[in-house]
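> Prediction below, plus the sequence it came from.
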Amino acid sequence: MGTVIVEVMPKPEILDPQGKAVVGALPRLGFTQFSAVRQGKRFELTVDGPVTPEILEAARNAAETMLSNPIIEDVVAVVEASFDDGEGA
Amino acid sequence: MVKPAPSLLKTLPVPKPQPQGAGAALGLSAQDTVRIGVITFPGTLDDRDAQRAVRLAGAEPVPLWHADANLHQVDAVVIPGGFSYGDYLRAGAISRFAAVMDTVADAARGGMPVLGICNGFQILTEAHLLPGSMIKNEHLHFICRDQVLTVENAETAWSSEFTHGQDITIPLKNQDGQFVADDATLDQLEAEGRVVFRYAGWNPNGSRRNIAGITNERGNVVGLMPHPEHAVEPGFGPDSPSGMRTGLDGLGFFQSAINAVLAAR
């Protein structure tokens, strides 16, 4: 069983109100090191078999057509999850 | 000693039976009856209000179901507000793939009047029937208020009852209401007169260039964040100079569509 990770971020030129709220709240817990936060989305697409090039291509298509809206978001990653970080288990 | 309450029945108008629909009640023949469909998705909230607005404007409301691709011979379609599919993924993103939306997209390209209100506007942008998109309000709060809009295009299928430059008051309620698009798209919308409604006095959500509603090139598809279906009935609308909750500016949207349909017959 394999998993494909898709990551979507708001476009740089689009104001990210959620990220703005988070960066405003961080100093309240003493986290004063961070000057900016942008909040995106991570999808985990699981398949029954191994992650083939065809599966990755399908994941890219899904990422561009449904998982993101190209007007406000960029797809920044479409990768197979590796067992090292526990995602492929 | 408790006195019996005076009968309320005496003061309430007795509803007349309307076996043949609203059009018949208004003295319209079947040929004059305009059928306006209102789509319900899982999580839609304002479909009943939109149906009521259609009826009060003088047309026959036709409930449409997201999983049914058949438009049931309607002359126009309203995609109402709410939180279809819980706003999961993005507001309107999943509804866009509903069976009914393929038919609506074909009908819209053929010239049928289509109005998207709030979540319906979001669905129309996700379906690429209107440009741009909506993101979370700049101030991050859900907002609910009576909002003044300036009509900037009184020639669309949903705004012809208004005049250019007219201010109207329409309730606004949303969390993801900030209209965004790139500058080239915004410039094109402005140049082609496709900004239909602009927020007046105050921008409630950070929308680019105070845009509240836009139209497609042909002027038959209109989307806006405020809710015209909540300003159609005395006692339930926004406050107006003539009294509390007396605002009826929303009726003009639906009457415009009725006129557009009748003019095309």
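Cool, got the structure.

> At the contact with chain A, which residues of the stretch 101-250 of chain B appear?
B:125-126, B:131-133, B:135-140, B:178, B:180-182, B:206 (Cβ under 8 Å from any Cβ of the partner chain). From N, CA and C alone the C-beta is placed, and that goes for glycine too.

> wait, which of these is closest to B:His227?
B:Asn137 (15.6 Å; Cβ to Cβ).

> Identify the residues contacting that closest one.
A:Pro17, B:Ile143, B:Asn174, B:Gln175, B:Asp176, B:Gly177, B:Gln178, B:Pro204, B:Asn205, B:Gly206 (Cβ atoms under 8 Å, 6 or more residues apart in numbering or on different chains).

> State the number of residues packed around the first one.
Meaning A:Pro17. When neighbours are counted by other Cβ atoms under 10 Å in any protein chain shown, A:Pro17 registers 20.

> Any chance you could list what contacts the helix or strand bottoming out on mean pLDDT in chain A?
The weakest-scoring helix or strand in chain A, judged by mean pLDDT, DSSP states H and E, is helix A:17-25 (a mean of 92). When contacts are defined by Cβ under 8 Å, 6+ apart, helix A:17-25 is touched by residues A:10, A:34-39, B:135-140, B:178, B:206.

> and the residues you listed, which are buried?
A:Pro10, A:Arg38, B:Ile135, B:Lys136, B:Asn137, B:Glu138, B:Gln178, B:Gly206 (16 or more other Cβ atoms under 10 Å in any protein chain shown).

> Secondary structure and distance to A:Ala63 for the residues you listed - can I get that in CSV?
Output for those, formatted as CSV (DSSP: H, G, I helix; E, B strand; the rest coil; distance: Cβ to Cβ, whole Å):
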residue, secondary structure, distance to A:Ala63
A:Pro10, strand, 15
A:Arg38, coil, 18
B:Ile135, strand, 19
B:Lys136, coil, 21
B:Asn137, coil, 26
B:Glu138, coil, 27
B:Gln178, strand, 24
B:Gly206, coil, 27
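
> Which member of those residues is positioned nearest B:Asp102?
Distances from B:Asp102 to these, taken by Cβ to Cβ, are shortest for B:Ile135, at 26.0 Å.

> which residues sit in contact with that closest one?
By Cβ under 8 Å, 6+ apart, the neighbours of B:Ile135 are A:Pro10, A:Ile14, A:Leu15, A:Pro17, A:Ile72, B:Asp176, B:Gln178, B:Val180.

> Equivalent analysis for B:Arg35, please.
With Cβ under 8 Å, 6+ apart, B:Arg35 has these contacts: B:Ala59, B:Glu60, B:Val62, B:His72, B:Gln73, B:Val74, B:Asp75, B:Ala76.

> secondary structure class for A:Val78?
Here A:Val78 takes the strand state, with states given by DSSP: H, G, I helix; E, B strand; the rest coil.

> burial of it, as a residue count?
Neighbours of A:Val78 using other Cβ under 10 Å come to 22.

> Who does it form a beta bridge with?
Beta-bridge partners recorded for A:Val78 (DSSP bridges): A:Val6.

> Return the distance of the residue sitting nearest the centre point of chain B relative to chain A.
With distances taken as Cα atoms, centre = their mean, B:Ile117 lies nearest the centre of chain B, 4.2 Å away. Distance check for B:Ile117 against chain A: by Cβ to the nearest Cβ, to the nearest Å, it reads 20 Å.

> Including secondary structure, could the contacts of B:Arg35 go into TSV?
Listed next are the contacts of B:Arg35 as TSV, based on three-state DSSP:
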residue	secondary structure
B:Ala59	coil
B:Glu60	strand
B:Val62	strand
B:His72	coil
B:Gln73	coil
B:Val74	coil
B:Asp75	coil
B:Ala76	strand
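
> of those residues, closest to B:Phe83?
B:Val62 (22.8 Å).

> show me what contacts the closest one?
B:Arg35, B:Ile36, B:Gly37, B:Val38, B:His72, B:Val74.

> can we see that at 7 Å?
Residues in contact with B:Val62 (Cβ atoms under 7 Å, 6 or more residues apart in numbering or on different chains) are B:Arg35, B:Ile36, B:Gly37, B:His72, B:Val74.
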